[in-house]
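J.: sequence and predicted model, in that order:
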Amino acid sequence: MQVRKSVIHAALRIGRLREQRAAAEAQRGLRRLNEAVDSAKQLQQFAADYRKDIVELGSKSKVEVSLILNTKRFADKLEETALAQLNQVLPMQEQVDLLTKAHFEAKRRLEGVEKIANRIRQEELKTLDQREANEVEDNLAARLSRHTGNNANFERP
């Protein structure tokens, strides 16, 4: 019984560590995904701001064409970089999905081991309660036997 108990406790410790590690990995993956999406959105916003600047520059009378062209090229480059980052989001999302699935699987396994450990604890408590009840009955039978002066065996129900 003691060996079984120590094996279960070891399995619980390992299961908890695996579940915690899987949760941390899934959380890191999700954070990287969110950062990539936020970064791409920010680049798109910068590109939109530069495109507004192009319109404003075009409405001014003494603006060099090279400034407008450079601003447009820069806005295009920002947009291109944002699209490249967004193209990386799908594989990142798939990775996060796999990490989340691994976390839930580790959690499910841990819950299974916890159920087994709880069942073993309940069995131990039941055995201990039964042992204590038997001792109480034996003590009571011994007292009754001495009190009545009868050495007849007291039978348990």
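T.: Received it, and whenever you're ready, just let me know what you need. Numbering: from 1, shown residues only.

J.: quick check: closest non-adjacent residue to the residue nearest the centre of the chain.
T.: Residue closest to the mean C-alpha point of the chain, counted by Cα atoms, centre = their mean, is A23 at 3.0 Å. Of all residues not flanking A23 in the chain, H103 sits nearest, at 5.1 Å (Cβ to Cβ, 6 or more residues apart in numbering). Any C-beta I mention is one placed from the backbone N, CA and C, and that applies to glycine too.

J.: which helix or strand contains A10?
T.: helix 2-59 (DSSP states H and E).

J.: tilt between the next helix or strand after that helix and helix 2-59?
T.: Going down the chain from helix 2-59, the next helix or strand is helix 65-148, by DSSP H and E. Here helix 65-148 points in a direction 160 degrees away from that of helix 2-59 (axes from the mean of the first three to the mean of the last three Cα atoms, to 10 degrees).

J.: helix 65-148: how far from the chain's middle?
T.: 5 Å (Cα atoms, centre = their mean, to the nearest Å).

J.: by contact count, what packs against it?
T.: helix 2-59 (3 or more Cβ pairs under 8 Å, 6 or more residues apart in numbering; DSSP states H and E).

J.: next one: the helix it packs on to chain centre, how far?
T.: Distance, centroid of helix 2-59 to centroid of chain: 13 Å (Cα atoms, centre = their mean).

J.: pLDDT of it, averaged?
T.: The average pLDDT within helix 2-59 is 92.

J.: now stretch 79-96
T.: 94.

J.: likewise stretch 136-154?
T.: The predicted model gives stretch 136-154 an average pLDDT of 75.
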